[in-house]
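A.B. asks: Turn this into a structure:
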Amino acid sequence: MAWIITAVVIGLIFLVIIAWVIGIYNKLVSLRNRFKNAFAQIDVQLKRRYDLIPNLVETAKGYMKHESETLEAVIAARNQAAGAAKTAAANPADAQAMQGLVGAEGALTGAMGKLFAVMEAYPDLKANQNMMQVSEELTSTENKIAFARQSYNDSVTTYKTYRESFPPIAFAGMFGFTDATLFEIKAPEEREVVKVSFT
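C.D. replies: Alright, predicted model coming up:
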């Protein structure tokens, strides 16, 4: 009779441990899905920005015939950033993909900054209705990107904090929950928001 009670107690302890481990696994899944969804929101806004940039360049082309090198640099940086964003969107937990995106976004921000600096010398371009509309949409999109990036970084921080705490750290690697990378802009010039005001 005593062995039955012992077996039942051991079985209950085993079931509690299994339920506890399942709870850790499910929370890790939930937090990982949350930061992946947050990255998807960034991706939507980045795609919008990438779609607006060719319109901006096309409008500027008519006025900036002698600035083709600047315009080509913007399109090249845009294409590189779009490719990096696609790679990062496939797996936001991939640190290399996120670093590639951060670098490509920094290059795009630099190219856009140069373009807007050159545009200052073209008052007719600044007064163009299409240019004002595209620049307004770009400004709105930049603000949405910044908000989405903050939300993503908050989700990643929550995931990392839970994943790196004890006891989840003991199971995270075993279950394949890798580290996640923040979407941080490190270089000071990359932190500057592209200014797109033509008023």
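A.B. asks: quick one, phi psi at Y25?
C.D. replies: phi -60, psi -50 (degrees, to the nearest 10).
A.B. asks: can you pull the contacts of it?
C.D. replies: Under the criterion of CB atoms under 8 Å, 6 or more residues apart in numbering, the neighbours of Y25 are F171, F175. Where C-beta positions appear, they are placed from N, C-alpha and C, glycine not excepted.
A.B. asks: redo that, cut-off 10 Å
C.D. replies: P168, F171, A172, M174, F175, F177 (CB atoms under 10 Å, 6 or more residues apart in numbering).
A.B. asks: are any of these buried, and which?
C.D. replies: P168, A172, F177 (16 or more other CB atoms under 10 Å).
A.B. asks: Tell me the one of the contacts of Y25 nearest I4?
C.D. replies: F171 (31.7 Å; CB to CB).
A.B. asks: So which elements touch the one helix or strand T70 maps to?
C.D. replies: Using DSSP states H and E, the element containing T70 is helix 68-90. Packing partners of helix 68-90 (3 or more CB pairs under 10 Å, 6 or more residues apart in numbering; DSSP states H and E): helix 2-61, helix 95-119.
A.B. asks: Buried residues of it, list them for me.
C.D. replies: For helix 68-90, by 16+ other CB under 10 Å, it's 70-71, 73-74, 77-78, 80-82, 84-85, 87-89.
A.B. asks: Repeat that for stretch 134-152.
C.D. replies: Result for stretch 134-152 [16+ other CB under 10 Å]: buried residues V134, S135, E137, L138, T141, E142, K144, I145, A148, R149, S151, Y152.
A.B. asks: Give me the subset of these that lies in helices.
C.D. replies: V134, S135, E137, L138, T141, E142, K144, I145, A148, R149, S151, Y152 (DSSP state H).
A.B. asks: of these, closest to T109?
C.D. replies: Among those, and counting by CB to CB, the member closest to T109 is E142, at 9.5 Å.
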